[in-house]
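**Q** mind looking at a prediction? Sequence and model below.
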Amino acid sequence: MRATLLFWAKLVLCYMELLKYCRNVANVKTLWYDEVVSKNRHPHLRLKHRRADAEHIRPETNPIQVSFRLEESIMKKLSKRFLTLAIACVMAMAMAVPAFADWQLRPDSMLTLSDNYLNIYRKSSSISMKNCPLSLYRTSAPGFDQNFTVNYTTYGGKSCMYLTRIENSKTYAINRSTESYGYGHKAVMWPLSDGKKDAAFKRPYSDPNGLVNLLNYNEGMCYTSDDPGALVYFAKGGSSAWFATGTPTL
């Protein structure tokens, strides 16, 4: 953030210096016409003759025409450069901002999909989602606790994905808990800023078992059964089969 502010400050400073230069160029024309002459030499006639003489000077040696051309050239170059800079900044910001979208995840363990969705388990939305376990919840209309924002980014120089939710201006992500469950670890919601390593998933691919596998562990997100209330956890070897609806599509 500090580097960005410094960049824009330098850019504004350069712009102001260029404007000063353009004003100085414009003053060349003004000084030519505003030359002070003695009253007894008929200044209005003298000014008229100077203008007439200037029109017969060759363009390449006429200071008035040269200054006009110089100013026009500078303004054209400035316009093109600032337009190019603006486009470049927009493209850079667009590339710097990670891709966000929402997923709903359901077990893909049967021929027909059930209405059991991956869910943040808590008794009330007033309860903080920090350390809330993940389970399956049956509903025909997935709500806030059944939608997860897909955040494509990097961790340790590797492409990865985070499944997040923002609540009270704080970002939480599906995380591999230190608490053991069976042969693996519980899946919980945890502040993303405090647990990026344990929340990073590999970039998903179009396979039911290729959606939610951890980047830094040989583990994937699994469910105990395709039933309401079933617990969700991370197990070695890879994830259970999941079906993702929403965007991004795979």
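**A** Here it is on my side, so go on.
**Q** look up how far A141 lies from the nearest residue to S239 once chain neighbours are set aside.
**A** Distances taken as Cβ to Cβ, 6 or more residues apart in numbering put G220 closest to S239, at 2.8 Å, once the chain neighbours are dropped. C-beta here means a position set from N, CA and C on the backbone, and glycine is covered the same way. Going from G220 to A141 by Cβ to Cβ, to the nearest Å gives 28 Å.
**Q** which of those two has more residues huddled nearby?
**A** Neighbours were counted for G220 and for A141 using other Cβ atoms under 10 Å; G220 has more, 22 against 7.
**Q** following the helix or strand where that one lies, which helix or strand comes up?
**A** Following DSSP states H and E, one finds G220 within strand 219-223. Scanning forward in sequence from strand 219-223 by DSSP H and E, the next helix or strand is strand 232-236.
**Q** list the buried residues in that next one.
**A** By 16 or more other Cβ atoms under 10 Å, the buried positions in strand 232-236 come out as 232-235.
**Q** what's the answer for stretch 236-250, then?
**A** For stretch 236-250, using 16+ other Cβ under 10 Å, the buried residues are 238-242, 244.
**Q** for the record, mean pLDDT for it?
**A** Averaging pLDDT along stretch 236-250 yields 89.
**Q** low pLDDT regions in this structure?
**A** Scanning the chain with the threshold set as pLDDT under 70 gives 1-101, 111, 250.
**Q** how about the strands of it, start to end?
**A** For the chain, the strands defined by DSSP state E occupy 99-107, 116-120, 134-138, 148-155, 158-167, 170-181, 184-191, 219-223, 232-236, 242-246.
**Q** packing partners of the fifth one?
**A** The helices and strands touching strand 158-167, judged by 3 or more Cβ pairs under 8 Å, 6 or more residues apart in numbering; DSSP states H and E, are strand 148-155, strand 170-181, helix 196-199.
**Q** can you check the second one too?
**A** Other elements packing on strand 116-120 under the criterion 3+ Cβ pairs under 8 Å, 6+ apart are strand 99-107, strand 134-138.
**Q** tell me which of those strands approaches H185 most closely.
**A** strand 134-138 (11.6 Å; Cβ to Cβ).
**Q** any buried residues in that closest one, and which?
**A** Quick answer for strand 134-138 (16+ other Cβ under 10 Å): 134-137.
**Q** repeat that for stretch 140-153.
**A** 142, 145-151.
**Q** can you dump the C-alpha coordinates of that stretch into PDB?
**A** Extracted C-alpha coordinates of stretch 140-153, given in PDB (Å, rounded to 0.1, in the frame of the first residue of the first chain):
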ATOM      1  CA  SER A 140     -33.600 -26.600  -0.800                       C
ATOM      2  CA  ALA A 141     -32.400 -23.000  -0.600                       C
ATOM      3  CA  PRO A 142     -28.800 -22.700   0.400                       C
ATOM      4  CA  GLY A 143     -28.100 -19.600   2.500                       C
ATOM      5  CA  PHE A 144     -25.200 -17.700   4.000                       C
ATOM      6  CA  ASP A 145     -23.700 -20.700   5.900                       C
ATOM      7  CA  GLN A 146     -23.900 -22.900   2.800                       C
ATOM      8  CA  ASN A 147     -22.200 -20.600   0.400                       C
ATOM      9  CA  PHE A 148     -18.400 -20.300   0.200                       C
ATOM     10  CA  THR A 149     -16.500 -17.700  -1.700                       C
ATOM     11  CA  VAL A 150     -13.800 -19.200  -4.000                       C
ATOM     12  CA  ASN A 151     -10.600 -17.200  -3.800                       C
ATOM     13  CA  TYR A 152      -8.000 -18.100  -6.300                       C
ATOM     14  CA  THR A 153      -4.500 -16.900  -5.200                       C
END
